[in-house]
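> sequence? don't have it. structure:
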């Protein structure tokens, strides 16, 4: 049965994608095959997974398991696994989240009516415990350490305003801009400021991909009730890179109700993204409208003066004094984002310490000039996509789609490979650009194309052609 089940997962992965398999099917165990009655017994970890599979994927089970077992339309029986729970968990009522039954209790073990969990008494011990377990606030990111300039002044002002009166001004606050420009810094600064003013405030910083993983684990391990309670406790919710919930319908449904609950209770909501709400693809319209219903502000790449000020302040925090000409040189030669700027400064300080030399313009020029001479011009996503059209007959919209056509999948994997090899973007950024796919999918695609390049000269020729068009 195990080999049949693994074959089934392989087929489903090709048809529906790895994300669906890892979210729903990996939590299932094929425990019995009744050949006489033509019945397949599948064990699920909880009632939520059981109901979801029953409603959405019964035909998938019947079709593919039927082929593997050489029968037509076998009967599929889902069995909710009996899980051991401690006394505390046994007193809770499981209220699963799904696209249709949000807010409706599904009896599992206890038959208590569903109700809104009241906010607990906020004593210092419970606050400390919550902060240590869920806070994730970086104490180094404060408003005092944030360098303000024309490119970020509006976002900074809005962030400071809501930190003074959370839940009253600009709720929600939505900040967008390219990676590495200070959005995460401002999110943490808001959290730090609110906690400094109100020691009883429960502030939660969360990345969107971690939110997705947490929700999936809550489904798989029968912890939906704990997941809900955690977010019902929050006074301030800070979500970074919200675009990573794109094309994740069930997660969006859960997030939609969390948003409504906190917003109605006048809790502060703050989000960051790489683009403004109307341009985030794969987001339900009702959720998109809520993200944009408050204050929306962007952050641009900083000018030379601001980058120089950032370098000098970062150097001071490390106990170093950076001359104006050194800071200006670095600001001019590092053009991508603030994270790269900080990385360049760290490299300079480390090199100076290791070689026991003072930080001077000559030293910095010796470090960066050779690198500049061999560094290729950065290629952006748009250039690569235009070059892809010279080799493959697919549009960007098709590459971003959920279509699992074999040739289209191959073209999508090649696009990921070329984007990674010829841009400075991360796996997450590439996945988000190509339809909200996660970094694991991108990593798998890179590995697959690397193997194909070694075995198939035609694939290498296709990639070389794309790269040549990028360089024109």
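Sure, I can see it. Please read these numbers as outputs of a predicted model, since none were measured by experiment.
> contacts, neighbours, all on C-alpha from now
OK.
> low pLDDT regions in the chain?
19, 81-135, 335-336, 369-379, 471-472 (pLDDT under 70).
> show me the domain layout of it.
2-83, 128-298, 304-374, 381-471 (automatic domain parsing).
> pull the number of nearby residues for residue 408.
Using other CA atoms under 10 Å, residue 408 is surrounded by 18 other residues.
> buried residues of the helix or strand hosting it, list them for me.
Element membership of residue 408, judged by DSSP states H and E, is helix 406-422. Going by neighbour count (16 or more other CA atoms under 10 Å), the buried part of helix 406-422 is 408-420, 422.
> ok, of those, which one's closest to residue 139?
Set against residue 139, the nearest of these by CA to CA is residue 420 (32.5 Å).
> how much space is there between the closest one and residue 299?
From residue 420 across to residue 299, the span is 25 Å (CA to CA, to the nearest Å).
> residue 309: what's it in contact with?
Residues in contact with residue 309, defined by CA atoms under 8 Å, 6 or more residues apart in numbering, are 147, 327.
> can you tell me the helix or strand for it?
Using DSSP H and E, residue 309 sits in helix 304-317.
> show me what counts as buried in that helix.
The neighbour-count check on helix 304-317 (16+ other CA under 10 Å) flags 304, 306, 307, 308, 309, 310, 311, 312, 313, 314, 315 as buried.
> same check on stretch 386-396?
Going by neighbour count (16+ other CA under 10 Å), the buried part of stretch 386-396 is 387, 388, 392, 394, 396.
> for the last one, which non-adjacent residue is spatially closest?
It stands for residue 396. residue 385 (6.8 Å; CA to CA, 6 or more residues apart in numbering).
> so which residues of the stretch 101-250 of the chain form helices?
124-130, 153-164, 183-197, 208-220, 224-232, 249-264 (DSSP state H, counting those that start in this stretch).
> ok, and for the second one, which residues are buried?
Judged by neighbour count (16+ other CA under 10 Å), helix 153-164 contains these buried residues: 153, 154, 155, 156, 158, 159, 160, 162, 163.
> which of those sit farthest apart?
Using CA to CA, the two most remote members of the buried residues of helix 153-164 are 153 and 163, lying 15.3 Å apart.
> mind listing what residue 296 touches?
Counted by CA under 8 Å, 6+ apart, residue 296 has contacts 173, 174, 175, 176, 276.
> tally of neighbours for the fourth one?
Using other CA under 10 Å as the criterion, residue 176 is surrounded by 23 other residues.
> my guess is it meets residue 298, correct?
Yes. With contacts counted by CA atoms under 8 Å, residue 176 reaches residue 298, the gap being 4.7 Å.
> so what sits against both of those two?
Common neighbours of residue 176 and residue 298 (CA under 8 Å, 6+ apart) are residue 276.
> of the buried residues of helix 153-164, which is the nearest to residue 322?
Residue 322 lies nearest to residue 153 out of those, by CA to CA, at 24.5 Å.
> and that closest one, how far is that from residue 301?
From residue 153 across to residue 301, the span is 12 Å (CA to CA).
> and if you look at residue 218?
As for residue 218, its distance to residue 301 is 38 Å (criterion: CA to CA).
> swap in residue 322?
22 Å.
> now do residue 272
Look at residue 272 and residue 301: by CA to CA, they are 15 Å apart.
> give me the more crowded residue out of these two.
Set residue 272 next to residue 301 and count neighbours by other CA under 10 Å: residue 272 wins out with 27 against 20.
> could I get the phi/psi values of the more buried one?
Main-chain dihedrals, residue 272, degrees, to the nearest 10: phi -130, psi 150.
> how about it, what does it touch?
174, 175, 176, 183, 184, 239, 240, 241, 242.
> in this structure the second one contacts residue 181, no?
No. The criterion here is CA under 8 Å, and residue 175 misses it with residue 181 at 10.9 Å.
> the two: which is more packed in?
residue 175 (31 against 21).
> distance check, that one against residue 303.
Taking CA to CA, one finds residue 175 at 19 Å from residue 303.
> check residue 285 too.
Applying CA to CA, the value for residue 285 to residue 303 is 35 Å.
> over to residue 5?
In terms of CA to CA, residue 5 sits 57 Å off from residue 303.
> neighbours of residue 224, just the number please.
Quick note: residue 224 (other CA under 10 Å) scores 23 neighbours.
> quick check: closest non-adjacent residue to it.
In space, and not counting its chain neighbours, residue 224 is closest to residue 218: 4.9 Å by CA to CA, 6+ apart.
> over to residue 248?
Nearest non-adjacent residue to residue 248, counting by CA to CA, 6+ apart: residue 282, 7.8 Å away.
> verify the stated contact: the one you found with residue 434.
No. Using CA under 8 Å, residue 282 is not in contact with residue 434, being 10.9 Å away.
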